[in-house]
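[1] Quick one: sequence and predicted model below, then my questions.
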Number of protein chains: 2
Amino acid sequence: MAQSDTVDRILDAAEELFAERGFSETSLRMITSKAKVNLAAVNYHFGSKNALIHAVFGRFLTPFSATLEKAFDELELRCDGKPPTLNQTLWVLTESAVRMPQRNEKGISIFMRLLGLAYTQSQGHLRKFLEQEYSEPFSRFMRLLKEATPQLSAVDRYWRIQFMLGATAFTMSSSDALQDILRNKLGVDTTVQEIAARLVPFLAAGMQAQDTLLTPRVENKIPVA
Amino acid sequence: MAQSDTVDRILDAAEELFAERGFSETSLRMITSKAKVNLAAVNYHFGSKNALIHAVFGRFLTPFSATLEKAFDELELRCDGKPPTLNQTLWVLTESAVRMPQRNEKGISIFMRLLGLAYTQSQGHLRKFLEQEYSEPFSRFMRLLKEATPQLSAVDRYWRIQFMLGATAFTMSSSDALQDILRNKLGVDTTVQEIAARLVPFLAAGMQAQDTLLTPRVENKIPVA
DNA sequence: ATGTGCTTCAAACGTATGTTTCAAACAGAC
DNA sequence: GTCTGTTTGAAACATACGTTTGAAGCACAT
């Protein structure tokens, strides 16, 4: 699955175990025994469990954010001057994610699941690490979203972006399980690419929904029982 | 905050701590010391930590599912014969959630966060417990969704429902953090009710999106780099 | 007052965790 | 070969966890 270098073996094992069990639920002993490596190797090479978590994220997030930057560059070049549309922006993002060189066939869903976990599991150190390490591509994406949805108020846009992130992270993070269920229920096979292709129109439509429901005060809009 | 009965004190403390830290990250000692109760009381009254988790969910999910059933009854009665619309169905759900009698002002976000965690944290026992305990209102909701979106293929509907669940679970599970960020960024305060009021139109629009993008083969739709 | 059933309490149990230690093994330079 | 710096190894460390124990406390019927 990878070269037999200790560091990479640890990273591979940790990545997979974190993705399928979460951080707190994965012990160093599980990782080292899956990696066929001595227990002390983790602390020797990484310093601590938290640092290992950071390393796992850094290994796939750094190349990804580079890919993403280039893709955004191309996109803005193609649009010369005019801001890219919402659909274009979303497609560029999913493309970059889907086209990332993967270590194996599970790569994409591990990638997605880890991102989801980073968002969900309230690991303060991880959030801090990601914020200060990858703030640039993130805020660039945010800026593109803003320019693509000028009709939205800042507050509306903020929440809808959260909804998008949620739908994406959640679906992708359990894409394996969801694909299995669908296969059993309807006998249909799906690829991650197809899920992404279904997701983007969903997100774009939600993002651009004009809610006639929400005007001055929200409470009025909830029908009284 | 509550009556001084040991069981309730434990449930209150556990609920709050689980919501803000997750299950594995919350120890019985944290719970019992917050509840000002002896450590052994948890195992005495509930049997185990897992059983306590079930009890926490049962305490708010049982009345909620009863409320929901009644709300669905009313809705179907109001629509006599015709299937309720997507918007109606979604509103009835969020209404029932938002209107639940709360133990305190944080009640709603705790409720939401716990639901999100149940979905996200891969605690096998919890999923099993929830499935066999609350399968009925869940599948009723699914049936209503199906009748409200007859234009969708089964596969499309399946994925879009996952997208909805994801957006909801994710947003609600970190609603506190997201509210804080928004307050710092734009100086705006938000209630869970308002989040729900923004979420519903987003979901409805996404659910009803007609994706001109997806026709015979998906791969063609991803622009080649 | 006495006994009974339920509840609380402090203490301990066994296990698992992240981390450290220090000697052994190893690789490459001289 | 011998030295040097790096990596591995088995074992132990301290701490935290969920759970169990058995005595003490309590309310209440007899």
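    Yep, that arrived. Residues are numbered from 1 along each chain as shown, chains lettered A, B, ... in the order given.

[2] ok, A:L117 to B:L117 distance?
    Going from A:L117 to B:L117 by Cβ to Cβ, to the nearest Å gives 12 Å. To be clear about C-beta, it is placed using only N, CA and C from the backbone, and glycine gets the same treatment.

[3] same question, A:K106
    Distance from A:K106 to B:L117, counting by Cβ to Cβ: 25 Å.

[4] residue contacts, A:V192?
    Counting by Cβ atoms under 8 Å, 6 or more residues apart in numbering or on different chains, A:V192 makes contact with A:98, A:108-109, A:112, A:172, A:175.

[5] What helices and strands are in contact with the top helix by length along chain A?
    Secondary structure of chain A per DSSP state H: the longest helix is helix A:49-78. Packed against helix A:49-78 by the contact rule (3 or more Cβ pairs under 8 Å, 6 or more residues apart in numbering or on different chains; DSSP states H and E) you find helix A:6-21, helix A:86-98, helix A:107-120, helix A:124-133, helix A:135-148.

[6] hang on, the earlier thing: compare A:K106 and B:L117 (neighbour count), which wins?
    Counted by other Cβ atoms under 10 Å in any protein chain shown, A:K106 and B:L117 do not tie: B:L117 has more neighbours, with 25 against 15.

[7] any idea how far that one lies from B:G22?
    Look at B:L117 and B:G22: by Cβ to Cβ, they are 6 Å apart.

[8] again with A:L52
    19 Å.

[9] helices or strands up against the helix or strand containing A:I181?
    Secondary structure assignment for A:I181, by DSSP states H and E: helix A:175-186. The contact analysis (3+ Cβ pairs under 8 Å, 6+ apart) places helix A:175-186 against helix A:107-120, helix A:192-208, helix B:154-173.

[10] With just CA atoms, put that helix into CSV.
    These are the backbone C-alpha positions of helix A:175-186, laid out as CSV (Å, rounded to 0.1, in the frame of the first residue of the first chain):
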residue,chain,number,x,y,z
SER,A,175,-20.3,7.8,1.4
ASP,A,176,-19.3,4.2,1.8
ALA,A,177,-22.1,3.3,4.1
LEU,A,178,-24.6,5.3,2.0
GLN,A,179,-23.5,3.6,-1.2
ASP,A,180,-24.0,0.2,0.5
ILE,A,181,-27.5,1.0,1.7
LEU,A,182,-28.4,2.2,-1.8
ARG,A,183,-27.1,-0.9,-3.4
ASN,A,184,-29.1,-3.1,-1.1
LYS,A,185,-32.3,-1.0,-1.4
LEU,A,186,-32.3,-0.3,-5.1
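
[11] Select from the helices and strands packed on helix A:49-78 the stretch with the lowest mean pLDDT.
    If those are sorted by mean pLDDT, helix A:107-120 sits at the bottom with a mean of 81.

[12] what does chain A put close to DNA strand D?
    Selection of chain A residues close to DNA strand D by Cβ under 7 Å from any atom of the strand yields A:6, A:37-41, A:44-45.

[13] Tell me the buried residues within the residues you listed.
    Those of the residues of chain A next to DNA strand D that meet the buried threshold are A:6, A:37, A:41, by 16 or more other Cβ atoms under 10 Å in any protein chain shown.

[14] same question for the longest helix of chain A, mean pLDDT?
    The average pLDDT for helix A:49-78 rounds to 94.

[15] What of stretch A:23-43?
    Stretch A:23-43 comes out at a mean pLDDT of 95.

[16] Show the end-to-end separation of it, please.
    This stretch, stretch A:23-43, spans 16 Å end to end (Cα to Cα, to the nearest Å).

[17] re earlier: pull out the buried positions in the longest helix of chain A.
    A:49, A:52-57, A:59-61, A:64-65, A:67-68, A:71-72, A:75-76.

[18] coming back round to it: how many degrees apart are the helix holding A:I181 and helix A:107-120 in direction?
    If you take axes from the mean of the first three to the mean of the last three Cα atoms, to 10 degrees, helix A:175-186 sits at 110 degrees to helix A:107-120.

[19] And for helix A:175-186, what's in contact with it?
    With contact meaning Cβ under 8 Å, 6+ apart, helix A:175-186 is reached by A:106, A:109, A:112-113, A:171, A:188-190, A:192, A:195, B:154-155, B:158-159, B:162.

[20] pLDDT-wise, what's the bottom of those residues?
    The lowest pLDDT within the contacts of helix A:175-186 belongs to A:K106, with 74.

[21] Contacts only, for it.
    Neighbours of A:K106 in contact, by Cβ under 8 Å, 6+ apart: A:16, A:176.

[22] let's see 10 Å
    A:15-16, A:19-20, A:113, A:176 (Cβ atoms under 10 Å, 6 or more residues apart in numbering or on different chains).

[23] what does chain A have sitting close to DNA strand C?
    Residues of chain A lying near DNA strand C (Cβ under 7 Å from any atom of the strand): A:26-30, A:39-40, A:42-43, A:48-50.

[24] Narrow those to those in helices?
    Cross-referencing those against helices under DSSP H gives A:28-30, A:40, A:42-43, A:49-50.

[25] can you put the residues you listed in TSV and add distance to B:A167?
    Shown next, in TSV, are those (distance: Cβ to Cβ, whole Å):
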residue	distance to B:A167
A:L28	34
A:R29	37
A:M30	32
A:A40	43
A:V42	36
A:N43	39
A:K49	31
A:N50	30
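
[26] Could you check how many residues crowd around A:S174?
    A:S174 has 22 neighbours, counted by other Cβ under 10 Å.

[27] Can you pull out the residues in contact with stretch A:78-95?
    Under the criterion Cβ under 10 Å, 6+ apart, residues A:67-68, A:71-72, A:74-76, A:137, A:141, A:143-150, A:164, A:168, A:172, A:192-193, A:195-197, A:199-201, A:203-205, A:207-208, B:213, B:221-225 lie in contact with stretch A:78-95.

[28] Any of the residues you listed buried? List them.
    Buried positions within the contacts of stretch A:78-95, assessed by neighbour count (16+ other Cβ under 10 Å), are A:67-68, A:71-72, A:75-76, A:137, A:141, A:144-145, A:148-149, A:164, A:168, A:172, A:192-193, A:195-197, A:199-201, A:203-205, A:207-208, B:213, B:221-222.
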